[in-house]
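> got a structure for you, letters missing:
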């Protein structure tokens with residue numbers, strides 16, 4: 001491997017900021033003349049300072065020319081010219097990709113935007129029959145300008161900003177180290193921009209040192225935003241590999257031990273910041289663990305993945321007969337992600353590189369498309385006559401094109417299906433599992449012959465987490481009720497209108513009791529796991545306004561509610577287009593229609609089974625549609641039951657005949 005302190009090879013001098021400044025006055029004049037509605041590239045020099053990169057030739061890309069694992073690059077090929085031409089070639093902010101790419105805020109100090117240098121360098125350095133930008137001098141000139149801006153934003157300590165110019169932020173430093181290491185690899189392969197390569201070498205040495213420095217705030221205990229910390233470690237290992245300098249990543253095994261101890265909750269989720277988050281845990285953290293393992297097969301990486309797989313097996317609830325389903329969204333602290341789909345489509349496969357871990361962590365195999373599905377999808381893509389859609393600006397993460405081509409294809413369907421069948425709520429009819437958070441939080445999962453349900457109790461990490469009961473699923477009929485952690489009224493909650501308290505939207509204190517009431521013997525939290533009998537969880541809001549007793553019976557649950565006056569019980573139902581929904585008084589509840597009636601219950605008939613929700617006495621009930629849809633044919637319908645002071649609601653499933 002050539003090191004950057006070797007003798008400089010013969011090449012044309014790189015375009016520099018110094019050379020550019022000679023023509024700055026003329027460029028400024030062009031800028032003043034430009035039309036207000038012109039694109040940013042044309043509003044700079046219109047190609048008179050840095051030549052514009054030519055649009056993709058007519059008829060390209062040709063799908064059949066792409067290797068199966070590189071099909072993901074086709075949508076990026078479509079944006080090479082507009083991305084490169086968004087690089088400013090006049091002052092101020094020479095080199096900034098100014099056209100709103102990839103991350104907000106769209107400001108010249110946001111270095112996350114500049115990670116697209118890895119996109120430009122890949123297309124410049126890699127010879128493919130479908131890549132007309134290989135060794136394109138205009139592309140190289142604009143890449144060089146972008147690198148000049150990017151590198152100028154690095155702080156003296158090695159870190160980079162994202163949300164303000166003076167910020168020393170973990171995320172752009174970690175992800176940026178990966179991107180710049182990839183650029184260094186590409187420029188070396190092309191034998192271009194020697195001086196710029198020296199700058200990149202020095203930059204990733206400095207950023208790597210900052211990322212592993214345990215005196216920095218991102219290593220405070222407990223370690224928070226684990227996805228960013230692990231992305232940083234992945235960047236360090238990648239930098240060490242590209243530099244050929246093992247000392248750069250020598251401390252990474254020790255830092256992984258810190259993550260193992262202080263970046264992952266006892267429950268198994270990764271801290272975001274000290275609570276789980278479905279999106280960051282699965283789509284960002286896990287593939288970076290896969291990237292790390294490719295370069296550094298440290299056993300602690302497998303331990304982290306095994307712990308997470310065990311947790312993930314409780315919160316991803318597959319629908320019967322399908323390898324897709326719902327996420328127990330109420331547990332998530334950052335992303336609003338309600339469904340889980342094992343997609344074989346590469347340009348949606350953000351977690352692709354985590355497949356590196358599948359040979360070592362069998363439980364993860366349940367959550368990925370099979371090798372056969374992946375091959376079928378790639379064959380279908382190759383033979384399709386449809387035009388290739390370009391990546392959209394805010395959906396153009398360079399991580400995707402960096403990860404997918406090097407990701408393993410996956411495991412055979414038989415292995416995947418075996419792991420789906422082994423998911424605990426599918427393989428067992430009765431269990432109780434209490435998993436503890438790093439904070440004082442209890443995540444309780446209950447499987448009984450008639451259902452699977454879950455609840456979150458304790459402190460509330462932030463405004464998105466939803467406390468209390470959050471799901472009701474049946475092994476034949478699927479999901480009936482699901483909390484989503486959005487800002488809308490789509491969480492399972494009791495609202496005490498007289499005081500404005502919602503039981504799901506604040507901390508709750510929970511105790512667990514043997515039997516069908518909260519007067520039963522207390523079951524210590526540490527003893528709840530493994531309990532197979534009927535038990536009741538009582539949880540109380542911090543102001544004492546709402547007390548909820550959830551009784552877990554073999555065939556269903558009962559929620560008994562106590563409030564100080566006029567209140568509403570709100571149940572977020574998951575309803576399919578073919579479901580038959582009828583109130584107990586015979587009033588139908590059509591799929592897209594709001595219905596208000598006075599009755600004692602409601603039924604939902606699906607797939608030969610009937611969900612029964614019964615509150616015993618006639619009360620006003622409202623059944624209202626929402627716009628959010630799931631898995632093709634399901635949407636939320638919010639059932640709201642009005643009551644005063646107390647209410648008991650039974651939920652169970654019976655055969656429809």
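Now that the structure is in, tell me what you want to look at. Quantities reported herein were computed from a predicted structural model and do not represent experimental measurements.
> ranges for the helices of the stretch 1-150 of the chain?
In chain order, the stretch 1-150 of the chain shows helices spanning 17-21, 24-33, 73-77, 80-85, 117-125, 137-152, with DSSP state H, counting those that start in this stretch as the criterion.
> Dump those helices into JSON lines; add distance to residue 451, mean pLDDT and mean neighbour count as well.
C-beta here means a position set from N, CA and C on the backbone, and glycine is covered the same way. Conversion of these to JSON lines gives the following (distance: least, C-beta to C-beta, whole Å; pLDDT from 0 to 100; neighbours: other C-beta atoms under 10 Å):
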{"stretch": "helix 17-21", "distance to residue 451": "65", "mean pLDDT": "28", "mean neighbour count": "13"}
{"stretch": "helix 24-33", "distance to residue 451": "65", "mean pLDDT": "32", "mean neighbour count": "14"}
{"stretch": "helix 73-77", "distance to residue 451": "42", "mean pLDDT": "98", "mean neighbour count": "23"}
{"stretch": "helix 80-85", "distance to residue 451": "50", "mean pLDDT": "97", "mean neighbour count": "25"}
{"stretch": "helix 117-125", "distance to residue 451": "47", "mean pLDDT": "98", "mean neighbour count": "26"}
{"stretch": "helix 137-152", "distance to residue 451": "53", "mean pLDDT": "98", "mean neighbour count": "22"}
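> among the ones you listed, which is nearest residue 656?
Between residue 656 and these, the shortest gap by C-beta to C-beta is with helix 73-77, which sits at 45.4 Å.
> now for that closest one, which elements pack on it?
helix 117-125 (3 or more C-beta pairs under 8 Å, 6 or more residues apart in numbering; DSSP states H and E).
> Let me see the mean pLDDT of the lengthiest helix in the chain.
When every helix of the chain is counted residue by residue (DSSP state H), the longest turns out to be helix 170-190. Within the predicted structure, the mean pLDDT of helix 170-190 is 98.
> Just the mean pLDDT for the helix or strand following it, thanks.
Taking DSSP states H and E as the definition, the helix or strand that follows helix 170-190 towards the C-terminus is helix 194-212. Computed over helix 194-212, the mean pLDDT rounds to 98.
> ok, and for helix 194-212, which residues are buried?
For helix 194-212, a neighbour-count test (16 or more other C-beta atoms under 10 Å) marks 194, 196-197, 199-201, 203-208, 210-212 as buried.
> cool, stretch 637-644 as well?
Of the residues in stretch 637-644, those buried by neighbour count under the rule 16+ other C-beta under 10 Å are 637, 638, 639, 640, 641, 642, 643.
> Likewise for stretch 561-571?
When burial is assessed from 16+ other C-beta under 10 Å, stretch 561-571 yields the following buried residues: 561, 562, 563, 564, 567, 568, 569, 570, 571.
> Ok, stretch 497-515 next?
Within stretch 497-515, the residues that qualify as buried are 501, 502, 503, 504, 505, 506, 507, 508, 510, 512, 513, counting by 16+ other C-beta under 10 Å.
> Could you work out the end-to-end span of it for me?
Using C-alpha to C-alpha, to the nearest Å, the span of stretch 497-515 from its first residue to its last is 30 Å.
> what's the spacing between it and its chain's center?
The chain centre lies 29 Å from the centre of stretch 497-515; the measure is C-alpha atoms, centre = their mean, to the nearest Å.
> now it: mean pLDDT?
Mean predicted confidence for stretch 497-515 is 98.
> Flag the shaky bits of the stretch 451-600 of the chain, pLDDT-wise.
In the prediction, the stretch 451-600 of the chain carries no residues with pLDDT under 70.
> Could you pull out the strands in it for me?
Secondary structure of the stretch 451-600 of the chain (DSSP state E, counting those that start in this stretch): strands at 451-458, 468-474, 478-482, 493-496, 501-502, 508-514, 535-541, 547-552, 556-576, 580-583, 595-606.
> With distance to residue 402 added, can I get these in CSV?
As requested, the strands of the stretch 451-600 of the chain are arranged in CSV below (distance: least, C-beta to C-beta, whole Å):
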stretch, distance to residue 402
strand 451-458, 35
strand 468-474, 35
strand 478-482, 34
strand 493-496, 42
strand 501-502, 43
strand 508-514, 42
strand 535-541, 45
strand 547-552, 46
strand 556-576, 36
strand 580-583, 47
strand 595-606, 42
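> quick one, which of these is nearest to residue 523?
strand 508-514 (4.3 Å).
> That closest one relative to strand 468-474, how many degrees between them?
50 degrees (axes from the mean of the first three to the mean of the last three C-alpha atoms, to 10 degrees).
> Can you spell out which helices and strands pack onto strand 508-514?
Using 3+ C-beta pairs under 8 Å, 6+ apart as the contact criterion, the secondary-structure elements in contact with strand 508-514 are strand 451-458, strand 535-541.
> how about these in a markdown table, adding mean neighbour count?
Rendered in a markdown table, the data for these read as follows (neighbours: other C-beta atoms under 10 Å):
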| stretch | mean neighbour count |
| --- | --- |
| strand 451-458 | 24 |
| strand 535-541 | 23 |
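> Go through those strands and name the closest to residue 493.
strand 535-541 (10.2 Å).
> Farthest-apart pair in the buried residues of stretch 561-571, please.
When C-beta to C-beta is used, the two most widely separated members of these are 564 and 571, lying 21.0 Å apart.
> With respect to residue 240, which of the buried residues of stretch 637-644 is nearest?
Nearest to residue 240 among those is residue 638, at 52.4 Å by C-beta to C-beta.
> Which segments of the chain make up each domain?
Following automatic domain parsing, the chain resolves into domains at 17-263+371-406, 428-655.
> Understood, closing this out.
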